[in-house]
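Peer 1: no sequence on this one, just coordinates:
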C-alpha cells in the first residue's frame with residue numbers, strides 16, 4: 001500500500017487508515033509537496049510509522065503509483081482538490097485508459113463483483129488498460145461540518161470514499177445520489193485513531209491534578225478578538241481553579257502549517273496577556289501552560305486524572321468521547337456553522353466557560369455517540385472486506401477505469417483550474433515544466449537540492465505573508 005498525504009493530520013489519518021484496512025501490508029508514505037507539508041517535528045509528534053517515506057510532486061506520485069506491480073492500494077489522504085487531481089492523473093497515466101477524457105460522469109466506484117464477460121480495464125471504446133490498477137481509497141480526517149457537497153464531489157471517483165460514522169455515510173450517499181453520481185463507493189467505517197470502539201473501562205485515578213485540556217484550532221474561531229477571548233477564559237479558569245492544571249494544546253509551532261492556515265497563533269496572543277512581555281509563556285498562571293505533543297497521550301493524561309477536554313469544534317472531541325473523558329464543546333461564541341460546533345447539537349456536550357468554571361462536567365448522549373461512530377463494533381470490518389474483494393478483482397484484471405463525477409463535460413469551468421493547481425493539464429497529464437519533465441542539465445541530486453532551497457524560501461515567504469503582512473493589511477483597513 002501507499003499513502004499520499006499533504007498535511008500532518010491527513011498523514012496521521014492516511015497511515016492509520018491503511019493499517020486498519022490491511023494490518024499485515026507494507027505501507028509506503030509519500031508527502032505531497034506544498035504549503036502544509038509536515039515538518040520532521042510534526043511527523044514525530046503524530047507518531048505513526050511507515051516502511052519508507054519521501055516528499056513528492058504530483059508527477060512523481062503518479063509515476064510511483066502507476067509503476068507496474070507497485071501497489072495494490074493507494075490511500076489519498078489529501079484535501080479535496082488534491083484528491084480530484086490525483087484521480088484524473090491516475091486515470092490519464094494508464095490506470096483505466098479505456099475511458100476517454102470526457103468519460104462517464106457517474107461511473108464512480110468499482111463494484112466488488114466483476115460483471116460477466118468483463119475484461120481488464122475495458123472502456124466504452126473497447127481499448128484495454130495496459131496495466132492492472134490499484135484500488136483507490138480516500139475520505140475525511142475528522143468532523144465534516146463545512147463544504148460537504150464540494151468536498152464529496154472532489155473525492156468522487158475513488159473506489160472507496162470512507163465515511164467515519166453511520167451519520168456521515170447517510171449524508172455522503174444523499175449528496176452523490178442527489179447529483180446523479182454513483183454512491184456505491186461510500187463505505188461506512190470509523191476514525192482510524194479510535195482504536196477499538198467499545199465503551200471505555202473506568203480509568204484508575206493517578207497522582208496529579210485534575211487536567212483540563214483546551215484543544216485549540218488553527219482557524220476556528222478566525223478573528224483576533226474571539227481567539228483572545230477564549231485564551232482569557234482558559235486563563236481565568238486556571239486562576240479560579242488553582243487545584244487544576246490547564247493545558248492549552250497547540251497544533252503547531254510558529255512557522256509550521258497544518259491542514260488549516262493559522263493567521264493568529266495562540267503563542268503570539270499569550271504575549272499580549274498582562275505580564276506577557278517577558279517571554280513566550282509570560283502572563284500565564286503557574287497552573288496553565290502551552291503544550292505540544294500527541295493528542296492521544298494528552299487525552300490519556302486527562303482521563304487518568306478525572307479531567308476534561310474543552311474545544312470549539314476540534315475532532316479531538318471525538319477522541320475524547322471515545323476515551324470516556326468528559327468533553328465540553330464551547331457555546332461562548334454561539335452555536336454556528338462557521339464555528340463547526342453545530343455538528344455537536346444533540347451530543348450533550350455543549351457548554352460555556354461559565355458553566356465549566358462552576359464545575360459542570362458534560363455527559364455525552366450515548367445514542368449520539370453511537371451514531372457518530374465513536375463507539376460500537378469493529379468500525380473497519382466492512383471496509384476491510386470491500387478492499388480485499390477489490391484487490392482480488394484487480395489481480396484478475398477486473399477493475400473498471402476511474403470515473404470521477406467532475407470531467408471536462410460536467411465541470412469545464414471548475415476542473416481545469418483544480419488540475420492546473422496541482423501541475424496537471426486538462427487531460428490529467430503532467431504539465432510542461434513539471435520537475436520530472438524538465439531537462440536543465442542538473443543531475444537528479446542537484447535538482448533536488450535546488451528545489452529544497454527554493455521550496456523552503458517560498459514557504460517562509462508564504463508564512464510571513466499569512467501571519468504578519470495579511471493581519472497588518474486588515475488592521476490598516478479598519479482604521
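Peer 2: Received, thanks. A quick note: this is a predicted structure, and the numbers were derived from the prediction, not measured.

Peer 1: Relative to residue 38, how far out is residue 252?
Peer 2: 9 Å (C-beta to C-beta, to the nearest Å). (C-beta placed from N, C-alpha, C; glycine too.)

Peer 1: who touches both of the two?
Peer 2: In terms of C-beta atoms under 8 Å, 6 or more residues apart in numbering, residue 252 and residue 38 are both contacted by the residues residue 8.

Peer 1: of those two, who's got more company?
Peer 2: residue 38 (24 against 20; other C-beta atoms under 10 Å).

Peer 1: Now do that one against residue 53, distance only.
Peer 2: Taking C-beta to C-beta, one finds residue 38 at 10 Å from residue 53.

Peer 1: Show me where the stretch 351-479 of the chain has its helices.
Peer 2: Per DSSP state H, counting those that start in this stretch, the stretch 351-479 of the chain has helices spanning 353-357, 366-371, 381-395, 415-421, 444-464, 470-478. These are given in chain order.

Peer 1: Tell me where the chain is predicted with low confidence.
Peer 2: Along the chain, segments meeting pLDDT under 70 span 94-109, 111-131, 195-207, 255-262, 275-282, 376-377, 433-479.

Peer 1: ranges for the strands of it?
Peer 2: Assigned by DSSP state E, the chain shows strands spanning 2-5, 28-32, 52-56, 73-77, 135-139, 160-163, 186-188, 210-215, 244-249, 288-291, 308-311, 327-330, 350-351.

Peer 1: on that earlier part again, overlap in contacts of residue 38 and residue 53?
Peer 2: Common neighbours of residue 38 and residue 53 (C-beta under 8 Å, 6+ apart) are residue 31.

Peer 1: Do I have it right that residue 176 meets residue 149?
Peer 2: No: contact between residue 176 and residue 149 fails when scored by C-beta atoms under 8 Å: they sit 9.7 Å apart.

Peer 1: So which of those two has more stuff around it?
Peer 2: residue 176 (25 against 13).

Peer 1: Residue 184: neighbour count?
Peer 2: 18.

Peer 1: same thing with residue 371?
Peer 2: Using other C-beta under 10 Å, residue 371 has 17 neighbouring residues.

Peer 1: if you skip the residues just before and after it, what's nearest to it?
Peer 2: Nearest non-adjacent residue to residue 371, counting by C-beta to C-beta, 6 or more residues apart in numbering: residue 167, 5.1 Å away.

Peer 1: what sits against the one you found?
Peer 2: Contacts of residue 167 (C-beta under 8 Å, 6+ apart): 371-373.

Peer 1: how near is it to residue 369?
Peer 2: Shown here: residue 167 relative to residue 369, a distance of 11 Å by C-beta to C-beta.

Peer 1: Next, the contact list for residue 45, please.
Peer 2: For residue 45, the contacting residues are 8, 292-294, by C-beta under 8 Å, 6+ apart.

Peer 1: Make sure residue 83 is actually in contact with residue 89.
Peer 2: No: taking contacts as C-beta under 8 Å, residue 83 lies outside contact range of residue 89: 10.6 Å.

Peer 1: Of the contacts of residue 45 - the most surrounded one?
Peer 2: Comparing these on neighbour count, residue 8 comes out first with 25 neighbours (neighbours: other C-beta under 10 Å).

Peer 1: ok, and for stretch 236-255, which residues are buried?
Peer 2: Using 16 or more other C-beta atoms under 10 Å as the test for burial, stretch 236-255 gives 236-238, 241, 244-252.

Peer 1: Find the nearest non-adjacent residue to residue 56, please.
Peer 2: Among residues not flanking residue 56 along the chain, residue 30 sits closest, at 4.8 Å (C-beta to C-beta, 6+ apart).

Peer 1: contacting residues for that neighbour?
Peer 2: With C-beta under 8 Å, 6+ apart, residue 30 has these contacts: 2-5, 53-56, 61, 64.

Peer 1: State the distance from it to residue 375.
Peer 2: Per C-beta to C-beta, residue 30 is found 33 Å from residue 375.

Peer 1: Likewise for residue 325?
Peer 2: Residue 325 is 13 Å from residue 375, by C-beta to C-beta.

Peer 1: repeat for residue 296
Peer 2: Residue 296 sits 16 Å away from residue 375, going by C-beta to C-beta.

Peer 1: More neighbours: these two, which one.
Peer 2: More crowded of residue 296 and residue 375, by other C-beta under 10 Å: residue 375, with 20 against 17.

Peer 1: Surely that one touches residue 369?
Peer 2: Yes: if you go by C-beta under 8 Å, residue 375 and residue 369 touch, sitting 5.6 Å apart.

Peer 1: Give the bridge partners for residue 403, please.
Peer 2: The partner list for residue 403 in beta bridges (DSSP bridges) reads residue 108.

Peer 1: I'd like to know how far it sits from residue 412.
Peer 2: Residue 403 is 17 Å from residue 412, by C-beta to C-beta.

Peer 1: So the two - more neighbours on which side?
Peer 2: Using other C-beta under 10 Å as the criterion, residue 403 and residue 412 rank with residue 403 on top: 23 against 12.

Peer 1: So the more buried one sits against residue 157, correct?
Peer 2: Yes: using C-beta under 8 Å, residue 403 makes contact with residue 157 at a distance of 5.8 Å.

Peer 1: Spit out the contact partners of the closest residue to residue 31 other than its chain neighbours.
Peer 2: Distances taken as C-beta to C-beta, 6+ apart place residue 55 nearest to residue 31, at 4.8 Å, with adjacent residues excluded. Residue 55 sits next to 30-33, 37 when contact means C-beta under 8 Å, 6+ apart.
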